[in-house]
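Engineer: Sequence below, structure please.
(2 chains)
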2 protein chains.
Amino acid sequence: MHDALEPADPTVGELSEGEILRRIVARTGRASATVVGPGDDAAVVAAPSGSVVATTDTLVHGPDFRLAWSSGYDLGWKAATVNLADVAAMGARPTALLVALAMPNDTRVSYVERLADGLRDACDALAPGCAVVGGDLTVSATLTVAVTALGDLEGREAVLRSGARPGDVVAVAGELGVSGRGLRVLFDRFRDAHGSPVPVDAAVLAPGEREALDAQLRPSPPIGLGPVAAVAGATAMMDVSDGLGLDARRMADASDVTIDLDPGALGPDATAAIEGGEDHALLAAFPGDVLPPGFRPVGRVLPRGADALRVGGRPYGGPGGWDPYRDWDSSAG
Amino acid sequence: MHDALEPADPTVGELSEGEILRRIVARTGRASATVVGPGDDAAVVAAPSGSVVATTDTLVHGPDFRLAWSSGYDLGWKAATVNLADVAAMGARPTALLVALAMPNDTRVSYVERLADGLRDACDALAPGCAVVGGDLTVSATLTVAVTALGDLEGREAVLRSGARPGDVVAVAGELGVSGRGLRVLFDRFRDAHGSPVPVDAAVLAPGEREALDAQLRPSPPIGLGPVAAVAGATAMMDVSDGLGLDARRMADASDVTIDLDPGALGPDATAAIEGGEDHALLAAFPGDVLPPGFRPVGRVLPRGADALRVGGRPYGGPGGWDPYRDWDSSAG
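Structural biologist: Next up is the predicted model:
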């Protein structure tokens, strides 16, 4: 209506809520399980097996991403992916996303459109058939993306983190430590003299650095292997969001066992594999030595001993991962 | 472990994520539809009718609430209720909530515990059997509560906002304009000379003001009447979150009809009933003149005319409600 007067890339504060929603929905596509999509009070999503897997995870400007480092596309991709991984880690197939977006009024609508593109492309690439079915827009001083993902167990039991049994093989599908290396690249290479983030220039990076950066900004865990692991009889599963050490310890505590990781199975830098977060690899325990395709052995489940986590048979002394309330230092950039 | 050293009411920055979660989960109770509750990668919720209703709505410090005005309990109550109303407006029974909480590090854990109490009590009072099944904690400069609610249609079709037909009676269950009057009380009575919010002292209020304030801080729409309306054959339904005028206009546009509100049916202050938001009453259209208990007639559906909304047969000139991107003025307190 106001095309002639409207700037080419208006801020969200210059548009109505309805207009912003129209621009998002035009990009997010349609989930195959959608019964009622965006535009009503709520969405309706098919849950053919009579239950629904549901999880929510939020990315907040500051602790979780920086505008200088993450494009809108990266942010949408990552917000979708971290939630898809949680659904996959239950052994379920992701069916739908709901996206609550809280944005400063001066956010450019092009940023929001690219965020919608990233949400859609992550779904299409990692969990075909899943898409955004609903959401919410609010004004906030802090850009915040809270995504809820739904999934279907297709008649299977959910795979909990508490089912690992002594004798099980501990296995991983997906990368370990690569996203953490990408975070290090950002902190080491793309901050100014005051420690503030500066825009990423991928041209200055070596190929390995670029790969790590891509894994940090747009992680691509093997979502489809969650159901595969469930069918193969995984006794326990979770996604590695905070570091293999910390998450393996959580699985061990929930299952009342000890997990012994084999450092020789963790690649050239075992410490990075144990400490690095945000890869969202799938960590699972299997009762036999034959693993489903895509999983590789990284350790063994032992009867519960003095330590929840061992590495190469010895207690592991490092922190083993990331706790946002313990570790976030807002002055660090 | 550190009880002797820990302050009586620590901040969330002084506690681990796990400890904060334990304190929340100890208070939120258990949803009757829970298959897998908090503590794993995702929750699993029963969806016996083979589909799930899902909606998300966010409350952000600043535009949506002020700490001087809303207690943690009020905030939890309202964050639950606005989402329960969206589920009810589809004709569904709420089954579960997921809560993404983004908080500054200096937030007192007692505030978070009271927020959890408010979430639980709103569910118990308005949607028995529904409770928090999962969530997420993050650090943020801006206190933000993003709730996702799930619901079950119990074998019925969802009631959309697009089904109203000429000849239908337009009816409402719940209050209109009361919450908006409460917002006015807050802005008029509890700000200092600079316009900044000051703590509420309910003792200085007249009974009618106190009732309006309660409706603003802890709305109590008739969630159980959503399924009742669906069973009674409602052709369209939505919750009145942004004002009867704006939301009736949305229903009329979605249904390609005109809605004519009867000002004589809107109480002593029809303008307040049309303009006031945040009551979360249920607005529905019914094909006959016999309404289900709890609903009262407020207008009539007409064939689509020049205006989506009429009041007493005339085009309505007022804005008819609230658009966060158009209306929020951060300098207003």
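
Engineer: For the residue nearest to residue A:233 when sequence neighbours are not counted, give me the backbone phi and psi.
Structural biologist: Excluding the flanking residues, the one nearest residue A:233 by CB to CB, 6 or more residues apart in numbering or on different chains is residue A:287, at 6.1 Å. Any C-beta I mention is one placed from the backbone N, CA and C, and that applies to glycine too. Per-residue torsions, residue A:287: phi -70, psi -20 (degrees, to the nearest 10).

Engineer: List the contacts of residue A:287.
Structural biologist: When contacts are counted by CB atoms under 8 Å, 6 or more residues apart in numbering or on different chains, residue A:287 touches A:165, A:167, A:168, A:169, A:233, A:235.

Engineer: Residue A:35: neighbouring residues, count only.
Structural biologist: 18 (other CB atoms under 10 Å in any protein chain shown).

Engineer: what about the residue nearest to residue A:233, distance to residue A:225?
Structural biologist: 17 Å (CB to CB, to the nearest Å).

Engineer: Relative to residue A:152, how far out is the residue nearest to residue A:233?
Structural biologist: 25 Å.

Engineer: can you check residue A:133 too?
Structural biologist: On the measure of CB to CB, residue A:133 and residue A:152 end up 13 Å apart.

Engineer: Please apply the same query to residue A:109.
Structural biologist: 33 Å.

Engineer: higher neighbour count, those two?
Structural biologist: Counted by other CB under 10 Å, residue A:109 and residue A:152 do not tie: residue A:152 has more neighbours, with 26 against 21.

Engineer: So for the more buried one, what's the pLDDT?
Structural biologist: pLDDT for residue A:152: 98.

Engineer: same thing with residue A:269?
Structural biologist: As predicted, residue A:269 sits at a pLDDT of 93.

Engineer: who's in contact with it?
Structural biologist: Counting by CB under 8 Å, 6+ apart, residue A:269 makes contact with residue A:177.

Engineer: Repeat that for residue A:204.
Structural biologist: Contacts for residue A:204 (CB under 8 Å, 6+ apart) come out as residue A:189.

Engineer: Quick check: phi and psi on it?
Structural biologist: phi -80, psi 0.

Engineer: Distance-wise, check residue A:89 relative to residue A:97.
Structural biologist: 16 Å.

Engineer: Residue A:156 too?
Structural biologist: On the measure of CB to CB, residue A:156 and residue A:97 end up 21 Å apart.

Engineer: Tell me where the stretch 101-250 of chain A has strands.
Structural biologist: With DSSP state E, counting those that start in this stretch as the criterion, the stretch 101-250 of chain A has strands at A:131-139, A:144-152, A:169-173, A:236-240.

Engineer: The first one packs against which elements?
Structural biologist: Contact partners of strand A:131-139 among helices and strands, from 3 or more CB pairs under 8 Å, 6 or more residues apart in numbering or on different chains; DSSP states H and E: helix A:17-28, strand A:43-46, strand A:93-103, helix A:109-126, strand B:51-60, helix B:324-327.

Engineer: Residue A:36: which of these is closest?
Structural biologist: Nearest to residue A:36 among these is strand A:43-46 (3.9 Å), distances taken as CB to CB.

Engineer: Now mean pLDDT and distance to residue B:279 too, for the helices and strands packed on strand A:131-139, in a markdown table please.
Structural biologist: Listed next are the helices and strands packed on strand A:131-139 as a markdown table, based on pLDDT from 0 to 100; distance: least, CB to CB, whole Å:
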| stretch | mean pLDDT | distance to residue B:279 |
| --- | --- | --- |
| helix A:17-28 | 94 | 19 |
| strand A:43-46 | 97 | 23 |
| strand A:93-103 | 98 | 22 |
| helix A:109-126 | 98 | 29 |
| strand B:51-60 | 98 | 15 |
| helix B:324-327 | 53 | 17 |
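
Engineer: a markdown table for those, including distance to residue A:252?
Structural biologist: Shown next, in a markdown table, are the helices and strands packed on strand A:131-139 (distance: least, CB to CB, whole Å):
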| stretch | distance to residue A:252 |
| --- | --- |
| helix A:17-28 | 39 |
| strand A:43-46 | 34 |
| strand A:93-103 | 27 |
| helix A:109-126 | 28 |
| strand B:51-60 | 33 |
| helix B:324-327 | 45 |
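
Engineer: out of these, which comes closest to residue B:220?
Structural biologist: Closest among these, using CB to CB: strand B:51-60, at 16.5 Å.

Engineer: partners of the closest one in the sheet?
Structural biologist: Take DSSP bridges as the rule and strand B:51-60 pairs in its sheet with strand A:43-46 (antiparallel), strand B:144-152 (antiparallel).

Engineer: now, of the ones you listed, which is deepest in the fold?
Structural biologist: The highest mean neighbour count among the strands paired with strand B:51-60, using mean count of other CB atoms under 10 Å in any protein chain shown, belongs to strand B:144-152: a mean of 30.

Engineer: Can you name the residues of the stretch 101-250 of chain A that neighbour chain B?
Structural biologist: Residues of the stretch 101-250 of chain A lying close to chain B by CB under 8 Å from any CB of the partner chain are A:102, A:105, A:133-142, A:144, A:146, A:148-151, A:153, A:158, A:160-162, A:237-239.

Engineer: Which of the three states applies to the most centrally placed residue in chain A?
Structural biologist: By CA atoms, centre = their mean, chain A has its centre lying nearest to residue A:82, at 1.6 Å. Secondary structure, DSSP: H, G, I helix; E, B strand; the rest coil: residue A:82 is helix.

Engineer: Next one, pLDDT for it please.
Structural biologist: On the pLDDT scale, residue A:82 gets 98.

Engineer: and what of residue A:289?
Structural biologist: For residue A:289, pLDDT reads 86.

Engineer: burial of it, as a residue count?
Structural biologist: The burial count for residue A:289: 8, using other CB under 10 Å.

Engineer: same question, residue A:192
Structural biologist: 10.

Engineer: List the contacts of the closest residue to it other than its chain neighbours.
Structural biologist: Spatial nearest neighbour of residue A:192, chain neighbours left out: residue A:198 (5.2 Å); criterion: CB to CB, 6+ apart. Applying CB under 8 Å, 6+ apart to residue A:198 gives the contacts A:68, A:190, A:191, A:192.

Engineer: for residue A:198, phi and psi?
Structural biologist: Note on residue A:198: its backbone torsions stand at phi -120, psi 160 [degrees, to the nearest 10].

Engineer: roughly how far apart are it and chain B?
Structural biologist: As judged by CB to the nearest CB, to the nearest Å, residue A:198 and chain B stand 21 Å apart.

Engineer: Check residue A:121 too.
Structural biologist: Distance of residue A:121 to chain B, given as CB to the nearest CB: 21 Å.

Engineer: thinking that residue is in contact with residue A:74, fair?
Structural biologist: No - using CB atoms under 8 Å, residue A:121 is not in contact with residue A:74; the gap is 10.7 Å.

Engineer: rewinding a little: what about residue A:89 and residue A:97, which has more around it?
Structural biologist: residue A:89 (36 against 31).

Engineer: Next, give phi and psi for the more buried one.
Structural biologist: Dihedral angles (degrees, to the nearest 10) for residue A:89: phi -70, psi -10.

Engineer: and residue A:274, what is it in contact with?
Structural biologist: Residue A:274 is in contact with A:176, A:177, A:243, A:244, A:245, A:261, A:266, A:311, A:316, A:318, A:320, counting by CB under 8 Å, 6+ apart.

Engineer: Name the SS class of it, please.
Structural biologist: For residue A:274, the assignment made with three-state DSSP gives helix.

Engineer: and what of the one 10 residues further on?
Structural biologist: What three-state DSSP gives for residue A:284 is strand.

Engineer: which residues does it contact?
Structural biologist: A:159, A:170, A:171, A:172, A:173, A:229, A:234, A:236, A:237, A:295.

Engineer: Noted, bye for now.
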